[in-house]
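Participant: This is a predicted model, with the sequence first.
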Amino acid sequence: LAETAVSGDYRSKVSGNWGSPAAWEVFQSGAWVDATVSPSSADGSITVRPGHLINVAENVTADQLLIEAGGLVSINTGITLTIADNPGTSSDPVDCIVDGTLYVAGTLIPTGEFSFSAGSLYHNASDGGIVPAGTWDVDSECRITGIINNAPTGLAQSFGTFTWNCPSQSASLSVGINGNITIKGDFSLVSTGLGKLALTNNTSQVSMTVEGDYSQTGGTFVANNSPSGTVTDSIYVAGDFRFTAGNFIETSTAVPTGRGALIFNGNGTPQHFTSGGIFRNTIDFIVESGAFLQLGTGSTPAIIAGSNGTFTLSAAATLGITSPFGITLTSTANPSGGNIRVTGTRSYNAAANYVYNGAAATQYTGNGLPSTVSTLVFSNNGGSVRFQAAHTITTSFSITSGSHANLGTYTHTTSFLSLGGVVQTSGSYGGTTSGATFVIPEYFETATGIVNNSAPAGTWLGNTTEWNLASNWVGGVPVSTTDARISS
């Protein structure tokens, strides 16, 4: 804009080579005029405007570069673009602002400061190079596609979206991030060719944090690639984990062994786990408190297998269980091992929440379900979930509409029972032949088992929406000394 430009500023006029003056305009005497020389770091700000492609076909040093949304700067193979740090006494805070696309087939020397805005793309199509350190918006993307024999540097920083797709990567090249990396958006691993992408090749403990989704459709990701490493290197995922192909491994051979850990730390929104790839060696799986890991769907259950690490479901975490065989303590058999088949210890916390939402005509709880659980939900629409032991449900037991429970021959207890979203009053419940106070075949299959519901006074039954109606509450309308209990 003329009102913000100063003498010596450049902007693109048309698409063309950086070194061609015909591609540029320069601001002189209050107006934009055709340039007679191409811009460099000796000039003012340099702007590549929307719809313009500027090819860097000869070595250039620039500063105060702005690539606007829809603009593209492409560094040709064998050519170097240096982004200098303004040497002036009042240096600009950012030397290269990318709102559009910066494509690197040659060499980028990022001496100055970088900023990548929402919608921007940094595309490294060269073999190696330096990923510029900078500020990356959550909706920016760092895309690496050109790696063959040389590892890029600068990967240990905070990105927006990050994509690795290097089908020509050589078998001898294991690219190590070798530091903590945060991905504020989604992480996508498409291909590592015959090579690997490793969180670290060193012995120091590092982590990878993915605040969005983790997607792997190929390639090999190594959580710990240090043969002598004895630490646990962790990958934190807050979104979905889509692992449909490829390998997720660790390769430490130290004694005691180093490990990798895949930690689900979402905010309670279901994190959908899709399996199909291969886990190998010592990978631990942890569902942190407050997270909800949904293991595939009823039609396509997700299986965690192949690892000799552990599985831990933390207190206040939730597990969505889809295998017809539920969750087991030690079995690795297919399919009777259930959703979790690691060979290490499987720890299912009594204060965790369990949701059975498979699609089999009969889904078994499995012997991994603790005798005491916090919340239990049966949501096998059109089928039933069958208990294999007696259980105490401390917070709530819910059976959704269209689902059934087979109580077996056991006596179960809960303080809150919901059938099809309707909260039930105190008493025993079961199916035909149970002898329960409330025989409800709509939700309980024929069995001798019962569930005793001891709803405390102050439990909301919700027959209507009227607060002051005694029939809406267990024990009548709550008073000041009653703890009111209303569950969704």
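Facilitator: Yes, it's here. Numbering: from 1, shown residues only.
Participant: Quick check: the gap between residue 225 and residue 458.
Facilitator: 56 Å (CB to CB, to the nearest Å). Where you see a C-beta, it was placed from the backbone N, CA and C, and this is true even at glycine.
Participant: who's more crowded, those two?
Facilitator: residue 225 (27 against 18; other CB atoms under 10 Å).
Participant: what's the spacing between that one and residue 196?
Facilitator: 7 Å.
Participant: can you list residues touching both of these two?
Facilitator: residue 174 (CB atoms under 8 Å, 6 or more residues apart in numbering).
Participant: and after the lowest-mean-pLDDT helix or strand in the chain, which helix or strand comes next?
Facilitator: Least confident helix or strand, the chain: strand 422-423 with a mean of 91, by mean pLDDT, DSSP states H and E. Using DSSP states H and E, the helix or strand that directly follows strand 422-423 along the chain is strand 427-430.
Participant: Show me what the helix or strand following that next one is packed up against.
Facilitator: Later in the chain than strand 427-430, the nearest helix or strand by DSSP H and E is strand 438-439. When contacts are defined as 3 or more CB pairs under 8 Å, 6 or more residues apart in numbering; DSSP states H and E, strand 438-439 sits against strand 427-430.
Participant: Could you pull up the mean pLDDT of the strand it packs on?
Facilitator: Strand 427-430 carries an average pLDDT of 98.
Participant: And for stretch 273-285?
Facilitator: Across stretch 273-285, the per-residue pLDDT values average to 97.
Participant: can you check stretch 344-358 too?
Facilitator: 98.
Participant: can you pull the buried residues of it?
Facilitator: 344, 346, 348, 349, 351, 352, 353, 354, 355, 356, 357, 358 (16 or more other CB atoms under 10 Å).
Participant: Can you mark which positions in stretch 128-141 are buried?
Facilitator: 129, 130, 131, 132, 134, 136, 137, 140, 141.
Participant: show me where pLDDT drops low in the stretch 351-488 of the chain?
Facilitator: Applying pLDDT under 70 to the stretch 351-488 of the chain picks out residues 488.
Participant: what ranges do the strands span in it?
Facilitator: All strands of the stretch 351-488 of the chain, identified by DSSP state E, counting those that start in this stretch, fall at 353-356, 362-364, 372-378, 384-386, 392-399, 404-406, 411-414, 417-419, 422-423, 427-430, 438-439, 450-453.
Participant: could I get those strands as a markdown table with distance to residue 15?
Facilitator: Below are the strands of the stretch 351-488 of the chain laid out as a markdown table (distance: least, CB to CB, whole Å):
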| stretch | distance to residue 15 |
| --- | --- |
| strand 353-356 | 55 |
| strand 362-364 | 60 |
| strand 372-378 | 58 |
| strand 384-386 | 63 |
| strand 392-399 | 61 |
| strand 404-406 | 66 |
| strand 411-414 | 69 |
| strand 417-419 | 64 |
| strand 422-423 | 66 |
| strand 427-430 | 73 |
| strand 438-439 | 76 |
| strand 450-453 | 72 |
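Participant: closest one to residue 146 among these?
Facilitator: Residue 146 lies closest, by CB to CB, to one member of these: strand 353-356, at 43.7 Å.
Participant: List the contacts of the closest one.
Facilitator: 294, 316-321, 326, 348, 363, 365, 369, 373-380, 385, 395.
Participant: ok so, going back, can you list which of the buried residues of stretch 128-141 are found in strands?
Facilitator: Under the assignment DSSP state E, the buried residues of stretch 128-141 contribute 134, 136, 141 to strands.
Participant: Residue 258: which of the residues you listed is nearest?
Facilitator: residue 136 (29.5 Å).
Participant: strands paired with the least confident helix or strand of the chain, and their directions?
Facilitator: Applying DSSP bridges, strand 422-423 is found paired with strand 417-419 (antiparallel).
Participant: Please work out which residues outside the strand it pairs with touch it.
Facilitator: So strand 417-419 is contacted by 396-399, 423-424, 429, 440, 442-443, 451, 453, 455, 487 (CB under 8 Å, 6+ apart).
Participant: List only those of those residues flagged as buried.
Facilitator: By 16+ other CB under 10 Å, those give 396, 397, 398, 399, 423, 424, 429, 440, 443, 451, 453, 455 as buried.
Participant: wait, isn't the third one in contact with residue 385?
Facilitator: No: Residue 398 is beyond contact range of residue 385, at 11.4 Å (criterion: CB atoms under 8 Å).
Participant: For the two, list the residues in contact with both.
Facilitator: Joint contacts of residue 398 and residue 385 (CB under 8 Å, 6+ apart) are residue 378.
Participant: Now do the contacts for the residue sitting furthest away from the middle of the chain.
Facilitator: Most distant from the centre of the chain: residue 29, at 53.1 Å, with distances by CA atoms, centre = their mean. By CB under 8 Å, 6+ apart, the contact list for residue 29 reads residue 7.
Participant: Cool, thanks, signing off.
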